[in-house]
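J.: sequence-free structure coming up:
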């Protein structure tokens, strides 16, 4: 993070592009062995015969990878004070080994907290894109989430 | 899994209880270092001074742990054919080291696929509960998700 973003910076309609991570087959399998050991996520041979036609990352792995890109590219250690949840998580396209992942965030709503003067609530749409080895870029996952964001001037 | 559950078994209103996993401090920190390295998730000392009053698991870690309990306790390798997403994810209560995690699933809707005779779409509510070391049990996370479920008789 070069700039420290705070509530005042997240104005409605503002968009941010960030993140760049190439996901490896090992990463996909390691996550799935721990958290989502279904054949399509852990077994490259078996996965070829499944509907997806090859190994694909767990949808929850994609959410976790998006969070890491947000933490590294949008939020510093002080920006977020947590979130009550997420909505409308859509797993649009499978992510495969060697796909390059990038993020977009858009501010949908922003309001000051009534009870806590040090923060506001910002509702984001977060989009994770995949770019395959041939250079084709597609929306992989999208979701919305309200996040409690620290104010610069509390 | 003792029984192999298929679409025919997921009738509306049916409830399932399963899963039993005690989450360790190391697990919480290891996940967060990789995917959600915010102070409240990675630093037990720093976390004491944060609003949550101690180390808590990343919300995405809880979703991943719920998925593992579902895979081990409800779905075998053939049950699920994937899911288009999740809705209304609510992170209700923080999960702390040594909490015991258990799951409930309820069938909200079930319908045959119109285009694919080998499957139906079952919409579940999934609830993850925490039981702390004093024995207090609370809803930690809840969400709904449509899942494509294989039929027994295709």
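T.: Received, thanks. All figures in this text were calculated on a predicted structure; none of them were measured in a lab. Numbering: from 1, shown residues only, chains lettered A, B, ... in the order given.

J.: next, the residue positioned nearest the centre of chain A: secondary structure please.
T.: In chain A, the residue lying closest to the centroid (Cα atoms, centre = their mean) is residue A:66, at 2.1 Å. Following DSSP: H, G, I helix; E, B strand; the rest coil, the label given to residue A:66 is helix.

J.: what does chain A put close to chain B?
T.: Chain A comes close to chain B at residues A:31, A:34-40, A:51-52, A:58-61, A:63-65, A:67-68, A:71, A:75, A:77, A:80-91, as judged by Cβ under 8 Å from any Cβ of the partner chain. Placement of C-beta: from N, CA and C, glycine included.

J.: what sits against residue A:59?
T.: Residues near residue A:59 by Cβ atoms under 8 Å, 6 or more residues apart in numbering or on different chains: A:36, A:89, A:91, A:141, B:83, B:85-86.

J.: meant to ask about residue A:96, not that
T.: The contact partners of residue A:96, by Cβ under 8 Å, 6+ apart, come to A:54-57, A:130, A:132.

J.: of those residues, closest to residue B:47?
T.: Among these, residue A:57 lies closest to residue B:47 (Cβ to Cβ), at 29.0 Å.

J.: thought the closest one was touching residue A:95?
T.: Yes: if you go by Cβ atoms under 8 Å, residue A:57 and residue A:95 touch, sitting 4.3 Å apart.

J.: where exactly do the strands run in chain A?
T.: Applying DSSP state E to chain A gives strands spanning A:15-22, A:85-91, A:100-112, A:119-131, A:137-150.

J.: pick the most buried one from those strands.
T.: Compared across the strands of chain A, strand A:119-131 shows the largest average neighbour count, a mean of 21 (mean count of other Cβ atoms under 10 Å in any protein chain shown).

J.: tilt between it and strand A:137-150?
T.: Going by axes from the mean of the first three to the mean of the last three Cα atoms, to 10 degrees, strand A:119-131 is angled at 160 degrees with respect to strand A:137-150.

J.: what's the average pLDDT for strand A:119-131?
T.: Regarding strand A:119-131, the rounded mean pLDDT is 98.

J.: do you know the pLDDT at residue A:2?
T.: On pLDDT, residue A:2 comes in at 49.

J.: of all the contacts of residue A:59, which comes closest to residue B:150?
T.: Residue B:150 lies nearest to residue B:83 out of these, by Cβ to Cβ, at 13.0 Å.

J.: which residues sit in contact with residue A:110?
T.: Neighbouring residues of residue A:110 by Cβ under 8 Å, 6+ apart: A:7, A:10-12, A:120-123.

J.: the residues you listed: which two are farthest apart?
T.: A:11 and A:121 (13.8 Å).

J.: if we can go back for a sec, for the residue nearest to the centre of chain A, which non-adjacent residue is closest in space?
T.: residue A:128 (4.6 Å; Cβ to Cβ, 6 or more residues apart in numbering or on different chains).

J.: shouldn't that neighbour be in contact with residue A:68?
T.: No: contact criterion Cβ under 8 Å: residue A:128 and residue A:68 do not qualify, at 10.7 Å.

J.: which residues does the worst-scoring helix or strand of chain A on mean pLDDT contact?
T.: Each helix and strand of chain A was given a mean pLDDT (mean pLDDT, DSSP states H and E); the minimum falls on helix A:44-47 at a mean of 77. Here helix A:44-47 makes contact (Cβ under 8 Å, 6+ apart) with A:25, A:29, A:39-41, A:53-56.

J.: residue ranges in chain A under the pLDDT threshold?
T.: Confidence mapping of chain A against pLDDT under 70 gives the ranges A:1-2, A:49-51, A:154.

J.: how about 50 then?
T.: Scanning chain A for pLDDT under 50 picks out the ranges A:1-2.

J.: name the nearest of the contacts of residue A:59 relative to residue A:105.
T.: Minimum distance to residue A:105 across the contacts of residue A:59 is 12.9 Å, recorded for residue A:141 (Cβ to Cβ).

J.: residues contacting the closest one?
T.: Going by Cβ under 8 Å, 6+ apart, residue A:141 touches A:59, A:62-63, A:66, A:89-92, A:127-128.

J.: mind doing that once more with 6 Å?
T.: A:62, A:91, A:128 (Cβ atoms under 6 Å, 6 or more residues apart in numbering or on different chains).

J.: now those in TSV, with distance to residue A:18?
T.: TSV is the format used below for those (distance: Cβ to Cβ, whole Å):
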residue	distance to residue A:18
A:62	16
A:91	21
A:128	11
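
J.: apart from its neighbours in sequence, what residue is nearest residue A:112?
T.: What sits nearest to residue A:112 in space, not counting adjacent residues and going by Cβ to Cβ, 6+ apart, is residue A:120, at 4.8 Å.
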